[in-house]
Structures are given as C-alpha cells and as structure tokens.
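K.L.:
sequence unknown, structure follows:
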C-alpha cells in the first residue's frame, strides 16, 4: 500500500508560479513511479508529468513542457511539481498518483491516488 498526500494548491495569477508537493509513504514507495494528473471541470483527468523514483526519467504533457518541472526529494519521500508561467487553462484539481508500471501515463495504470489539491489561475 502507498499513501499520497498533496499540498501546495491555491489561487495564483496568470504568469505566476506555484509548487505542489506529494508526500509518499508506504512499503517500497521509492521504487514506484509518481505522476501528477489534473482534472478541470467537465473534462477527463489527464497526465501532466511523471518521474520514476531512482531512475529519474521524466515525462511531460506537451502543453506544460518548458513550464512545469517534476522532481523528487529522496530524503523526504516527496515529489514536487514546480509550475511556472501559469495559464488559465492550467486551472484544475491536481492529483498525484503512484504505479509500478514503467513510465505509465494512463489513469487506469495507477492504483494509488492522493486526495487532490485545487489550483486556480486567475487573470
């Protein structure tokens, strides 16, 4: 079992920055892939960024490349999503999720989910 707790959401202006945190705990958590997904009202949940613990490989949604950075702090078992140059279309509930599937980007491949944190980008 893996437990995930997100934090860091809130209201930010267009062009601003926000950092989300995902604290992970559980058995062998540092062997999993941790990813961030987001879900805007009326839309499906989509993959945003993922990182494979230990290996360090990362993947990003095309629309966030160059603006978002995913990283991890091994000592704290925490994965971060640094979001810069935020746009109104980044407004969503952001979830972190864990899986043992290598470089997975599909929601059904992730058995463990956090509760989500709201990010609202206003102009």
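P.N.:
Sure thing, it's come through. Note that the structure is a prediction, hence the values are computed from the model and not measured.

K.L.:
and the residue nearest the centre of the chain, what element?
P.N.:
By C-alpha atoms, centre = their mean, the chain has its centre lying nearest to residue 36, at 2.1 Å. Residue 36 is part of strand 33-39 when elements are defined by DSSP states H and E.

K.L.:
skipping its backbone neighbours, what lies nearest the residue of the chain most remote from its centre in space?
P.N.:
Relative to the mean C-alpha coordinate of the chain, counting by C-alpha atoms, centre = their mean, the farthest residue is residue 123 (23.0 Å). Nearest residue to residue 123, sequence neighbours excluded (C-beta to C-beta, 6 or more residues apart in numbering): residue 14, at 4.7 Å. Every C-beta, even on glycine, is put in place using the N, C-alpha and C of the backbone.

K.L.:
hmm, back to that, who does the strand holding residue 36 pair with, and is each partner parallel or antiparallel?
P.N.:
strand 46-52 (antiparallel), strand 92-99 (antiparallel) (DSSP bridges).

K.L.:
ok, residues contacting that strand?
P.N.:
With contact meaning C-beta atoms under 8 Å, 6 or more residues apart in numbering, strand 33-39 is reached by 4, 20, 22, 24, 45-53, 59, 70, 72, 79, 81, 90, 92-105, 107, 110, 116, 119.

K.L.:
and if you look at stretch 40-49?
P.N.:
With C-beta under 8 Å, 6+ apart as the criterion, stretch 40-49 contacts 35-39, 58-61, 64, 68-70, 81, 89, 91-95, 105-107.

K.L.:
can you rerun that using 7 Å?
P.N.:
Contacts with stretch 40-49, where a contact means C-beta atoms under 7 Å, 6 or more residues apart in numbering, come from 35-39, 58-61, 64, 68, 70, 81, 91-92, 105, 107.
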